[in-house]
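Novice: give me a model of this one.
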Amino acid sequence: MARVVILGGGFGGLSAATQLRGLLDRTDEVVLVARDDAFAMGWTKLWDLTGIRSLAEGSRSLRTLADRGVRFVQAEVTAIDPQACAADTAAGRFEADALLVALGAGDHPDHVSQLDGQCAHNLYSFQALHGMKAALERLTAGRLLLGVMGQPIKCPPAPFEAALALDEHFRARGLREHVELEVATPSPGALPVAGPQASRMIADALAERGIGLRTEHRLEQVDTAARSARFDTGEVVEFSQLFAIPANVPPPVVAASGLAGAGGWIEPDPTTLRTAYERVYAVGDCTTVPTATAALPKAGVFADAEARVAARNIAADLGYGQPAAFDGHGHCFLEFPGRKVARVGGDFFAQPEPAVSLDAPSAEAFEAKLAFERERLTAWFGG
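Specialist: Modelled structure (predicted):
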(Lines give C-alpha, C1' and ligand atoms only; values in the text may rest on other atoms or scores of the structure.)
Protein backbone atom coordinates (compact mmCIF):
# COMPACT_ATOMS: atom_id res chain seq x y z
CA MET A 1 0.00 0.00 0.00
CA ALA A 2 1.31 3.44 -0.97
CA ARG A 3 0.61 6.72 0.77
CA VAL A 4 0.51 10.13 -0.95
CA VAL A 5 0.48 13.17 1.32
CA ILE A 6 -0.82 16.48 -0.01
CA LEU A 7 -0.07 19.68 1.88
CA GLY A 8 -2.70 22.37 1.31
CA GLY A 9 -6.45 22.50 0.80
CA GLY A 10 -6.77 25.04 -2.01
CA PHE A 11 -7.21 24.58 -5.74
CA GLY A 12 -3.99 22.59 -6.15
CA GLY A 13 -4.43 20.29 -3.19
CA LEU A 14 -8.07 19.51 -3.88
CA SER A 15 -7.54 18.93 -7.59
CA ALA A 16 -4.60 16.62 -6.96
CA ALA A 17 -6.41 14.66 -4.25
CA THR A 18 -9.37 14.01 -6.53
CA GLN A 19 -7.17 13.00 -9.45
CA LEU A 20 -5.01 10.70 -7.36
CA ARG A 21 -7.98 8.99 -5.76
CA GLY A 22 -9.08 8.01 -9.25
CA LEU A 23 -5.62 6.97 -10.44
CA LEU A 24 -4.34 4.91 -7.50
CA ASP A 25 -5.48 1.57 -6.20
CA ARG A 26 -8.23 1.71 -3.60
CA THR A 27 -5.84 0.25 -1.02
CA ASP A 28 -3.49 3.23 -1.47
CA GLU A 29 -3.95 6.14 0.91
CA VAL A 30 -4.42 9.77 -0.11
CA VAL A 31 -3.98 12.18 2.81
CA LEU A 32 -4.68 15.90 2.57
CA VAL A 33 -3.37 18.15 5.36
CA ALA A 34 -4.69 21.72 5.61
CA ARG A 35 -4.95 24.37 8.29
CA ASP A 36 -8.53 25.36 7.42
CA ASP A 37 -11.49 23.02 7.12
CA ALA A 38 -13.41 25.00 4.47
CA PHE A 39 -12.86 25.99 0.85
CA ALA A 40 -14.37 28.69 -1.34
CA MET A 41 -13.14 30.22 -4.57
CA GLY A 42 -11.76 33.72 -4.19
CA TRP A 43 -14.42 35.47 -6.23
CA THR A 44 -17.15 34.29 -3.84
CA LYS A 45 -15.79 36.78 -1.32
CA LEU A 46 -16.30 39.65 -3.75
CA TRP A 47 -19.77 38.37 -4.65
CA ASP A 48 -20.72 38.32 -0.97
CA LEU A 49 -19.22 41.77 -0.40
CA THR A 50 -21.27 43.38 -3.17
CA GLY A 51 -24.46 41.38 -2.69
CA ILE A 52 -24.26 39.11 -5.73
CA ARG A 53 -24.29 35.84 -3.75
CA SER A 54 -23.56 34.73 -0.20
CA LEU A 55 -20.22 33.22 0.69
CA ALA A 56 -21.97 30.22 2.22
CA GLU A 57 -23.39 29.20 -1.16
CA GLY A 58 -19.91 28.71 -2.57
CA SER A 59 -18.25 27.19 0.51
CA ARG A 60 -17.60 23.51 1.14
CA SER A 61 -16.24 21.58 4.12
CA LEU A 62 -13.01 19.65 3.62
CA ARG A 63 -14.34 17.09 6.09
CA THR A 64 -16.55 15.74 3.31
CA LEU A 65 -13.40 14.58 1.48
CA ALA A 66 -13.72 11.37 3.47
CA ASP A 67 -16.77 10.57 1.35
CA ARG A 68 -14.49 10.77 -1.70
CA GLY A 69 -11.91 8.38 -0.25
CA VAL A 70 -9.47 11.09 0.86
CA ARG A 71 -8.31 11.33 4.45
CA PHE A 72 -8.47 14.94 5.65
CA VAL A 73 -6.30 16.13 8.53
CA GLN A 74 -6.91 19.62 9.84
CA ALA A 75 -3.53 20.76 11.12
CA GLU A 76 -0.83 23.36 10.60
CA VAL A 77 2.17 22.14 8.60
CA THR A 78 5.21 22.95 10.75
CA ALA A 79 8.07 21.54 8.66
CA ILE A 80 8.70 19.88 5.31
CA ASP A 81 11.40 17.23 5.00
CA PRO A 82 11.73 16.69 1.24
CA GLN A 83 14.71 14.37 1.57
CA ALA A 84 12.66 11.97 3.68
CA CYS A 85 9.47 12.66 1.67
CA ALA A 86 7.72 13.66 4.88
CA ALA A 87 6.06 16.57 6.67
CA ASP A 88 5.71 17.51 10.31
CA THR A 89 2.37 18.92 11.41
CA ALA A 90 0.54 19.90 14.57
CA ALA A 91 -1.12 16.49 14.30
CA GLY A 92 2.17 14.62 14.03
CA ARG A 93 4.62 13.53 11.35
CA PHE A 94 3.40 12.15 8.02
CA GLU A 95 5.78 10.01 6.01
CA ALA A 96 4.87 9.35 2.42
CA ASP A 97 5.76 7.49 -0.74
CA ALA A 98 5.07 10.74 -2.61
CA LEU A 99 4.57 14.30 -1.39
CA LEU A 100 2.77 17.21 -3.05
CA VAL A 101 3.22 20.73 -1.69
CA ALA A 102 0.32 23.06 -2.50
CA LEU A 103 0.39 25.46 0.43
CA GLY A 104 -0.47 28.62 -1.48
CA ALA A 105 0.94 32.05 -0.70
CA GLY A 106 0.68 34.26 2.34
CA ASP A 107 0.22 38.01 2.76
CA HIS A 108 3.22 40.21 3.51
CA PRO A 109 3.08 40.68 7.31
CA ASP A 110 4.35 44.27 7.18
CA HIS A 111 1.54 45.16 4.79
CA VAL A 112 -1.15 43.42 6.85
CA SER A 113 0.05 45.16 10.02
CA GLN A 114 -0.88 48.54 8.51
CA LEU A 115 -4.55 47.58 8.06
CA ASP A 116 -6.78 48.17 11.06
CA GLY A 117 -9.99 46.53 9.87
CA GLN A 118 -11.91 49.75 10.51
CA CYS A 119 -11.00 52.10 7.68
CA ALA A 120 -8.27 49.96 6.06
CA HIS A 121 -8.98 46.36 5.05
CA ASN A 122 -7.33 43.41 3.33
CA LEU A 123 -9.45 42.95 0.20
CA TYR A 124 -8.25 39.36 -0.31
CA SER A 125 -8.94 38.14 3.23
CA PHE A 126 -12.01 36.03 3.98
CA GLN A 127 -11.58 37.01 7.63
CA ALA A 128 -11.84 40.70 6.68
CA LEU A 129 -15.13 40.24 4.83
CA HIS A 130 -17.40 41.16 7.76
CA GLY A 131 -15.48 44.39 8.41
CA MET A 132 -15.53 45.37 4.73
CA LYS A 133 -19.28 44.81 4.48
CA ALA A 134 -19.84 46.98 7.55
CA ALA A 135 -17.55 49.66 6.07
CA LEU A 136 -19.55 49.67 2.83
CA GLU A 137 -22.77 50.12 4.77
CA ARG A 138 -21.32 53.16 6.55
CA LEU A 139 -19.85 54.70 3.41
CA THR A 140 -22.34 57.09 1.81
CA ALA A 141 -19.84 59.68 0.57
CA GLY A 142 -16.08 60.06 0.19
CA ARG A 143 -13.27 58.15 -1.51
CA LEU A 144 -12.92 54.39 -1.61
CA LEU A 145 -9.35 53.57 -2.59
CA LEU A 146 -8.21 50.15 -3.78
CA GLY A 147 -4.42 49.93 -3.55
CA VAL A 148 -1.94 47.20 -4.42
CA MET A 149 0.92 47.17 -1.90
CA GLY A 150 3.45 45.15 -3.91
CA GLN A 151 4.04 42.20 -6.22
CA PRO A 152 3.28 39.39 -6.73
CA ILE A 153 -0.42 39.17 -5.90
CA LYS A 154 -2.90 36.36 -6.39
CA CYS A 155 -5.45 36.72 -9.19
CA PRO A 156 -4.10 39.89 -10.83
CA PRO A 157 -7.50 40.92 -12.31
CA ALA A 158 -9.24 40.93 -8.92
CA PRO A 159 -8.54 44.55 -7.84
CA PHE A 160 -10.11 45.83 -11.05
CA GLU A 161 -13.03 43.41 -10.84
CA ALA A 162 -13.60 44.68 -7.30
CA ALA A 163 -13.62 48.30 -8.45
CA LEU A 164 -16.16 47.55 -11.17
CA ALA A 165 -18.34 45.53 -8.79
CA LEU A 166 -18.22 48.31 -6.20
CA ASP A 167 -19.21 50.83 -8.86
CA GLU A 168 -22.27 48.70 -9.59
CA HIS A 169 -22.96 48.34 -5.86
CA PHE A 170 -22.99 52.09 -5.20
CA ARG A 171 -25.05 52.80 -8.31
CA ALA A 172 -27.70 50.35 -7.06
CA ARG A 173 -27.78 52.25 -3.76
CA GLY A 174 -28.04 55.61 -5.52
CA LEU A 175 -24.76 56.76 -3.99
CA ARG A 176 -22.31 56.56 -6.87
CA GLU A 177 -22.17 60.32 -7.48
CA HIS A 178 -21.16 60.79 -3.85
CA VAL A 179 -18.52 58.04 -3.70
CA GLU A 180 -15.22 58.36 -5.55
CA LEU A 181 -13.59 55.10 -6.62
CA GLU A 182 -9.91 54.76 -7.46
CA VAL A 183 -7.50 51.86 -8.10
CA ALA A 184 -3.72 52.08 -7.74
CA THR A 185 -1.27 49.44 -8.98
CA PRO A 186 2.55 49.22 -9.18
CA SER A 187 2.23 47.75 -12.69
CA PRO A 188 2.74 49.87 -15.81
CA GLY A 189 -0.71 48.78 -17.03
CA ALA A 190 -3.86 47.34 -15.57
CA LEU A 191 -3.02 43.73 -16.44
CA PRO A 192 0.37 43.43 -18.16
CA VAL A 193 0.53 39.66 -17.67
CA ALA A 194 -2.41 39.35 -20.09
CA GLY A 195 -0.97 41.75 -22.65
CA PRO A 196 -1.73 45.31 -23.78
CA GLN A 197 -5.19 44.49 -25.18
CA ALA A 198 -6.46 43.28 -21.80
CA SER A 199 -4.90 46.26 -20.03
CA ARG A 200 -6.61 48.68 -22.42
CA MET A 201 -9.96 46.93 -22.03
CA ILE A 202 -9.78 47.24 -18.25
CA ALA A 203 -8.58 50.85 -18.36
CA ASP A 204 -11.39 51.77 -20.75
CA ALA A 205 -14.00 50.03 -18.58
CA LEU A 206 -12.78 51.89 -15.50
CA ALA A 207 -12.74 55.24 -17.31
CA GLU A 208 -16.22 54.66 -18.72
CA ARG A 209 -17.55 54.32 -15.19
CA GLY A 210 -15.56 57.20 -13.73
CA ILE A 211 -13.18 55.01 -11.75
CA GLY A 212 -9.70 56.48 -11.34
CA LEU A 213 -6.65 54.41 -12.26
CA ARG A 214 -3.10 55.09 -11.06
CA THR A 215 -0.49 52.86 -12.71
CA GLU A 216 3.11 52.65 -11.46
CA HIS A 217 1.86 53.61 -8.00
CA ARG A 218 2.70 51.17 -5.22
CA LEU A 219 0.86 51.72 -1.96
CA GLU A 220 3.78 52.08 0.43
CA GLN A 221 2.41 53.26 3.77
CA VAL A 222 -1.02 53.55 5.36
CA ASP A 223 -1.85 56.07 8.09
CA THR A 224 -5.18 54.94 9.49
CA ALA A 225 -5.39 57.83 11.98
CA ALA A 226 -5.12 60.38 9.16
CA ARG A 227 -6.88 58.10 6.67
CA SER A 228 -4.16 58.66 4.12
CA ALA A 229 -2.11 56.46 1.81
CA ARG A 230 1.42 57.28 0.69
CA PHE A 231 2.70 55.86 -2.59
CA ASP A 232 6.26 55.11 -3.64
CA THR A 233 5.98 58.15 -5.95
CA GLY A 234 5.79 60.34 -2.84
CA GLU A 235 2.14 61.22 -3.43
CA VAL A 236 -0.26 61.11 -0.49
CA VAL A 237 -3.94 60.37 -1.08
CA GLU A 238 -6.67 60.69 1.52
CA PHE A 239 -9.42 58.09 1.71
CA SER A 240 -12.63 57.36 3.55
CA GLN A 241 -12.10 53.62 3.20
CA LEU A 242 -9.16 51.62 1.89
CA PHE A 243 -9.39 48.14 0.42
CA ALA A 244 -5.74 47.12 0.16
CA ILE A 245 -4.07 44.19 -1.56
CA PRO A 246 -0.92 43.08 0.33
CA ALA A 247 1.90 41.54 -1.67
CA ASN A 248 2.24 37.78 -1.47
CA VAL A 249 5.08 36.05 0.34
CA PRO A 250 5.95 32.34 0.51
CA PRO A 251 4.55 30.50 3.53
CA PRO A 252 7.31 30.45 6.19
CA VAL A 253 7.29 26.65 6.26
CA VAL A 254 8.02 26.64 2.51
CA ALA A 255 10.70 29.32 2.69
CA ALA A 256 12.42 27.41 5.51
CA SER A 257 12.39 24.09 3.67
CA GLY A 258 15.04 22.69 1.37
CA LEU A 259 12.58 23.15 -1.48
CA ALA A 260 12.77 26.94 -1.63
CA GLY A 261 14.71 28.89 -4.21
CA ALA A 262 16.47 32.19 -3.64
CA GLY A 263 13.20 34.12 -3.33
CA GLY A 264 11.62 31.66 -0.91
CA TRP A 265 9.30 30.17 -3.52
CA ILE A 266 9.53 26.58 -4.76
CA GLU A 267 10.84 26.33 -8.32
CA PRO A 268 9.62 23.00 -9.71
CA ASP A 269 10.23 21.75 -13.22
CA PRO A 270 7.75 23.83 -15.28
CA THR A 271 6.38 20.87 -17.23
CA THR A 272 6.43 17.99 -14.72
CA LEU A 273 6.09 20.03 -11.48
CA ARG A 274 8.76 17.81 -9.88
CA THR A 275 11.13 19.37 -7.41
CA ALA A 276 14.79 18.40 -7.07
CA TYR A 277 13.73 15.65 -4.65
CA GLU A 278 12.47 12.24 -5.69
CA ARG A 279 8.68 11.92 -5.62
CA VAL A 280 8.25 15.44 -4.23
CA TYR A 281 6.12 17.81 -6.31
CA ALA A 282 4.88 21.38 -5.90
CA VAL A 283 2.03 23.29 -7.55
CA GLY A 284 0.11 26.53 -7.28
CA ASP A 285 0.82 29.80 -5.53
CA CYS A 286 3.70 28.50 -3.39
CA THR A 287 5.72 28.06 -6.59
CA THR A 288 7.24 30.34 -9.18
CA VAL A 289 7.09 29.04 -12.74
CA PRO A 290 8.90 31.16 -15.33
CA THR A 291 7.42 32.25 -18.65
CA ALA A 292 9.18 34.07 -21.49
CA THR A 293 8.51 37.49 -19.95
CA ALA A 294 7.69 37.01 -16.26
CA ALA A 295 6.23 34.23 -14.13
CA LEU A 296 3.02 32.29 -14.41
CA PRO A 297 0.20 34.22 -12.68
CA LYS A 298 -0.78 33.08 -9.22
CA ALA A 299 -4.32 31.95 -9.96
CA GLY A 300 -6.48 28.98 -9.07
CA VAL A 301 -6.96 27.89 -12.67
CA PHE A 302 -3.21 27.34 -13.03
CA ALA A 303 -2.94 25.53 -9.69
CA ASP A 304 -5.76 23.26 -10.84
CA ALA A 305 -4.09 22.50 -14.18
CA GLU A 306 -0.67 21.94 -12.60
CA ALA A 307 -2.15 19.64 -9.96
CA ARG A 308 -3.74 17.43 -12.59
CA VAL A 309 -0.34 16.95 -14.22
CA ALA A 310 1.47 16.43 -10.91
CA ALA A 311 -1.12 13.84 -9.86
CA ARG A 312 -0.58 11.83 -13.04
CA ASN A 313 3.19 12.00 -12.58
CA ILE A 314 2.93 10.87 -8.96
CA ALA A 315 0.71 7.99 -10.06
CA ALA A 316 3.24 7.06 -12.76
CA ASP A 317 6.03 7.14 -10.16
CA LEU A 318 4.00 4.63 -8.14
CA GLY A 319 3.42 2.37 -11.13
CA TYR A 320 0.03 3.58 -12.37
CA GLY A 321 -0.38 4.93 -15.90
CA GLN A 322 1.74 7.28 -17.95
CA PRO A 323 3.36 10.58 -16.94
CA ALA A 324 2.04 13.93 -18.16
CA ALA A 325 3.40 17.38 -19.00
CA PHE A 326 2.00 20.82 -18.20
CA ASP A 327 1.76 22.88 -21.39
CA GLY A 328 1.41 26.35 -19.88
CA HIS A 329 -2.13 26.87 -21.12
CA GLY A 330 -4.61 28.58 -18.86
CA HIS A 331 -7.20 31.32 -18.62
CA CYS A 332 -8.71 33.76 -16.17
CA PHE A 333 -12.28 34.99 -15.85
CA LEU A 334 -12.33 38.79 -15.87
CA GLU A 335 -15.70 39.90 -14.51
CA PHE A 336 -17.52 43.01 -15.71
CA PRO A 337 -20.74 44.66 -14.51
CA GLY A 338 -24.05 43.25 -15.69
CA ARG A 339 -23.08 39.60 -15.02
CA LYS A 340 -20.65 39.53 -17.92
CA VAL A 341 -17.20 37.97 -18.12
CA ALA A 342 -14.24 38.29 -20.47
CA ARG A 343 -12.00 35.24 -20.78
CA VAL A 344 -8.29 36.03 -20.86
CA GLY A 345 -5.97 33.14 -21.66
CA GLY A 346 -3.81 31.14 -23.96
CA ASP A 347 -0.31 29.68 -24.04
CA PHE A 348 1.76 31.27 -21.29
CA PHE A 349 4.82 29.20 -22.26
CA ALA A 350 4.88 30.54 -25.84
CA GLN A 351 8.05 32.21 -27.14
CA PRO A 352 9.16 34.96 -27.40
CA GLU A 353 6.18 36.03 -25.26
CA PRO A 354 2.95 34.46 -23.99
CA ALA A 355 0.31 34.04 -26.70
CA VAL A 356 -2.69 35.40 -24.82
CA SER A 357 -6.05 36.39 -26.29
CA LEU A 358 -8.99 38.26 -24.84
CA ASP A 359 -12.67 37.71 -25.58
CA ALA A 360 -15.24 40.49 -25.29
CA PRO A 361 -17.32 40.36 -22.10
CA SER A 362 -20.44 38.22 -22.47
CA ALA A 363 -23.23 36.68 -20.44
CA GLU A 364 -22.27 33.29 -21.90
CA ALA A 365 -18.78 33.55 -20.40
CA PHE A 366 -20.31 34.44 -17.03
CA GLU A 367 -22.29 31.20 -17.24
CA ALA A 368 -19.03 29.41 -18.11
CA LYS A 369 -17.49 30.84 -14.92
CA LEU A 370 -20.41 29.49 -12.89
CA ALA A 371 -20.01 26.12 -14.62
CA PHE A 372 -16.29 26.08 -13.81
CA GLU A 373 -17.07 26.57 -10.13
CA ARG A 374 -19.90 24.05 -10.12
CA GLU A 375 -17.88 21.36 -11.89
CA ARG A 376 -14.89 21.73 -9.57
CA LEU A 377 -16.94 21.73 -6.38
CA THR A 378 -18.86 18.67 -7.52
CA ALA A 379 -15.68 16.80 -8.50
CA TRP A 380 -13.94 17.64 -5.24
CA PHE A 381 -16.79 17.43 -2.73
CA GLY A 382 -19.63 15.58 -4.46
CA GLY A 383 -23.08 16.79 -5.45
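
Novice: all helices of the chain, in order?
Specialist: Remark: helices assigned in the chain by DSSP state H are 11-23, 42-49, 109-112, 129-138, 158-172, 196-208, 252-255, 300-317, 363-381.

Novice: comparing those helices, which yields the minimum mean pLDDT?
Specialist: Note on these: lowest mean pLDDT is at helix 196-208, with a mean of 90.

Novice: just checking, what packs against it?
Specialist: With contacts defined as 3 or more Cβ pairs under 8 Å, 6 or more residues apart in numbering; DSSP states H and E, the packing partners of helix 196-208 are helix 158-172, strand 212-214, strand 329-336, strand 340-347, strand 355-358. No exception for glycine: its C-beta is placed from N, CA and C like everyone else's.

Novice: list the contacts for D223?
Specialist: In this structure, D223 makes contact with A229, R230, judged by Cβ atoms under 8 Å, 6 or more residues apart in numbering.

Novice: and the pLDDT at it?
Specialist: pLDDT, read off for D223, is 98.

Novice: ok so, going back, can you put the helices of the chain in a markdown table and add mean neighbour count and distance to A91?
Specialist: Converted to a markdown table, the helices of the chain look like this (neighbours: other Cβ atoms under 10 Å; distance: least, Cβ to Cβ, whole Å):
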| stretch | mean neighbour count | distance to A91 |
| --- | --- | --- |
| helix 11-23 | 25 | 16 |
| helix 42-49 | 20 | 27 |
| helix 109-112 | 15 | 25 |
| helix 129-138 | 16 | 28 |
| helix 158-172 | 21 | 33 |
| helix 196-208 | 17 | 43 |
| helix 252-255 | 19 | 14 |
| helix 300-317 | 24 | 22 |
| helix 363-381 | 15 | 22 |
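
Novice: tell me which of the ones you listed lies nearest to R63.
Specialist: Among the helices of the chain, helix 363-381 comes nearest to R63, with 9.8 Å by Cβ to Cβ.

Novice: which stretches of the chain have low pLDDT?
Specialist: Nowhere does the chain drop to pLDDT under 70.

Novice: one more time with 90, if that's ok
Specialist: Along the chain, segments meeting pLDDT under 90 span 189-199, 201, 262, 292-294, 331-332, 344-345, 353-359, 383.

Novice: what residue in it is the furthest from its centre?
Specialist: Centroid-distance maximum for the chain: M1 at 33.9 Å, with Cα atoms, centre = their mean.

Novice: how about the contacts made by that one?
Specialist: Counting by Cβ under 8 Å, 6+ apart, M1 makes contact with D25, T27, D28, E29.

Novice: returning to that earlier point: tell me which of the helices and strands packed on helix 196-208 approaches V237 most closely.
Specialist: Nearest of the helices and strands packed on helix 196-208 to V237, taken as Cβ to Cβ: strand 212-214 at 8.4 Å.

Novice: ok, F72 touching R63?
Specialist: Yes. Counting by Cβ atoms under 8 Å, F72 touches R63, with 5.9 Å between them.

Novice: I'd like the contacts of M1 laid out as a markdown table, including neighbour count.
Specialist: Shown next, in a markdown table, are those (neighbours: other Cβ atoms under 10 Å):
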| residue | neighbour count |
| --- | --- |
| D25 | 11 |
| T27 | 7 |
| D28 | 19 |
| E29 | 17 |
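
Novice: neighbours of M149, just the number please.
Specialist: Using other Cβ atoms under 10 Å, M149 has 25 neighbouring residues.

Novice: repeat that for P337.
Specialist: Neighbour tally, P337, other Cβ under 10 Å: 16.

Novice: for it, give me phi and psi.
Specialist: Here is the backbone geometry of P337 (degrees, to the nearest 10): phi -60, psi 160.

Novice: how close does it sit to A360?
Specialist: Going from P337 to A360 by Cβ to Cβ, to the nearest Å gives 14 Å.
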